[in-house]
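1. Prediction below, plus the sequence it came from.
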Amino acid sequence: MFTKDTLKEKSILITGGGSGLGFSMAERFAELGANVAICGRTEEKLVNAAEKLNRFGTKIITHVVDVRDYDRVGKMIDRLVEEFGSLEGLVNNAAGNFVSPSEDLSPNGFKAVVDIVLHGTFNCSQHFGRYLIHSERKGCILNIVTTYTQFGSAFVMPSAVAKAGVETMTKSLAYEWATYGIRVNAIAPGPFPTKGAWSRLMPDPRIEKIYLERIPTHRYGEHIELANLAVFLMSDLAPYLTGETVIIDGAEHLQAGQFNFLTQLMPREELKKVFAEYKSRRKSKK
């Protein structure tokens, strides 16, 4: 599909790039010639990821940062530009999400998701955009959103709210920054199992069983499929494509509301008990 130099001479930052879909994109970018920076809050995770990425022979940089910290994000961009020589791409992938009845959400739980997803995307995008504009360079921003930005979804309301904001930001910046040669797009993944995030969204085997049955293609997405889409959007193969959200979910979104089916799976009080038990198990592991 792509040549080995598809992303050659490009340096790309991926937030939340130490694991999950972020790491899968980092692998594919490096494999196709890009220098890659991955950032996150856990140094050990980033170091382990970098060791795996080094096999591709491109320059790999790790940076410990919380994307909610505006000033530290700015310092990270400055450091990456200095070490790479330039920065051509940004993937806003860092996120937080969990299932919960909306009436049981804590203010801190809601705020944490919105701050990471929406504010974090703004922080990274503005610093990166300013760099491109001031240095008169072209570049690409890719935001990872979700399919339920279009329809909303029960039990993941903070994520739906935050990702909807990011999708609107995608369109707004695409129009405003097109004059500078900056493209801004988004990918809306459906179900792609990842370690950690998947357990927070599928705390009960009954939920996962019904979830899989709802997907018209009767399977989950494979990471390489999303990574290849990200390569296309970040590469010079799509110079006229900006302001778009590309859905990749096996047509699952056409049923609307990714987690709405939970209300039909079991009585609400039983659902709340399942969520509470999972929350208790997570706390006991910390």
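-> Ah, there it is. Numbering: from 1, shown residues only.
2. Residue 63 - that's part of a strand, no?
-> Yes. Counting by DSSP: H, G, I helix; E, B strand; the rest coil, residue 63 is found in a strand.
3. can you give me the strands in the protein?
-> For the chain, strands defined by DSSP state E occupy the ranges 11-15, 35-40, 60-64, 89-92, 139-144, 182-189, 245-248.
4. Dump the ones you listed into CSV; add mean neighbour count as well.
-> C-beta here means a position set from N, CA and C on the backbone, and glycine is covered the same way. Shown next, in CSV, are the strands of the chain (neighbours: other CB atoms under 10 Å):
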stretch, mean neighbour count
strand 11-15, 26
strand 35-40, 27
strand 60-64, 20
strand 89-92, 28
strand 139-144, 25
strand 182-189, 23
strand 245-248, 18
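5. want to throw the ones you listed into TSV with distance to residue 275 and mean pLDDT?
-> Listed next are the strands of the chain as TSV, based on distance: least, CB to CB, whole Å; pLDDT from 0 to 100:
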stretch	distance to residue 275	mean pLDDT
strand 11-15	28	99
strand 35-40	26	99
strand 60-64	31	99
strand 89-92	28	99
strand 139-144	25	99
strand 182-189	23	98
strand 245-248	27	98
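6. Could you check how far residue 38 is from residue 282?
-> Applying CB to CB, to the nearest Å, the value for residue 38 to residue 282 is 25 Å.
7. same deal with residue 233?
-> Applying CB to CB, the value for residue 233 to residue 282 is 34 Å.
8. Please say which of the two ends up with more neighbours.
-> residue 233 (23 against 13; other CB atoms under 10 Å).
9. Next, count neighbours for the nearest residue to residue 99 once chain neighbours are set aside.
-> In space, and not counting its chain neighbours, residue 99 is closest to residue 155: 4.7 Å by CB to CB, 6 or more residues apart in numbering. Using other CB under 10 Å, residue 155 is surrounded by 23 other residues.
10. Relative to residue 275, how far out is residue 155?
-> Counting by CB to CB, the gap from residue 155 to residue 275 is 8 Å.
11. Quickly list what's touching both of those two.
-> The contact sets of residue 155 and residue 275 overlap at 99, 100, 101 (CB atoms under 8 Å, 6 or more residues apart in numbering).
12. For the last one, list the residues it contacts.
-> Spelled out, it's residue 101. 155, 268, 271, 272, 275.
13. Could I get the phi/psi values of it?
-> Taking degrees, to the nearest 10, you get phi -60, psi 140 for the backbone angles of residue 101.
14. Also residue 95?
-> For residue 95, the backbone dihedrals (degrees, to the nearest 10) come out as phi -160, psi 170.
15. Looks like it contacts residue 156 (just checking).
-> No. The pair residue 95 / residue 156 is not scored as a contact, 11.2 Å apart, by CB atoms under 8 Å.
16. quick one, helices of this protein?
-> Listed in chain order, the helices of the chain (DSSP state H) span 20-31, 43-53, 70-84, 107-114, 120-135, 157-177, 197-201, 205-214, 223-234, 262-265, 268-285.
17. With just CA atoms, put the last one into CSV.
-> Extracted C-alpha coordinates of helix 268-285, given in CSV (Å, rounded to 0.1, in the frame of the first residue of the first chain):
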residue,chain,number,x,y,z
ARG,A,268,-30.4,-0.2,35.1
GLU,A,269,-29.8,-1.0,38.8
GLU,A,270,-28.0,-4.2,37.7
LEU,A,271,-25.8,-2.1,35.3
LYS,A,272,-24.9,0.3,38.1
LYS,A,273,-23.9,-2.7,40.2
VAL,A,274,-21.6,-4.0,37.4
PHE,A,275,-20.0,-0.6,37.1
ALA,A,276,-19.6,-0.2,40.8
GLU,A,277,-17.9,-3.6,41.2
TYR,A,278,-15.5,-2.8,38.4
LYS,A,279,-14.6,0.5,39.9
SER,A,280,-14.0,-1.2,43.2
ARG,A,281,-11.7,-3.8,41.6
ARG,A,282,-9.7,-1.0,39.9
LYS,A,283,-9.2,0.8,43.2
SER,A,284,-8.0,-2.4,44.9
LYS,A,285,-5.3,-2.8,42.3
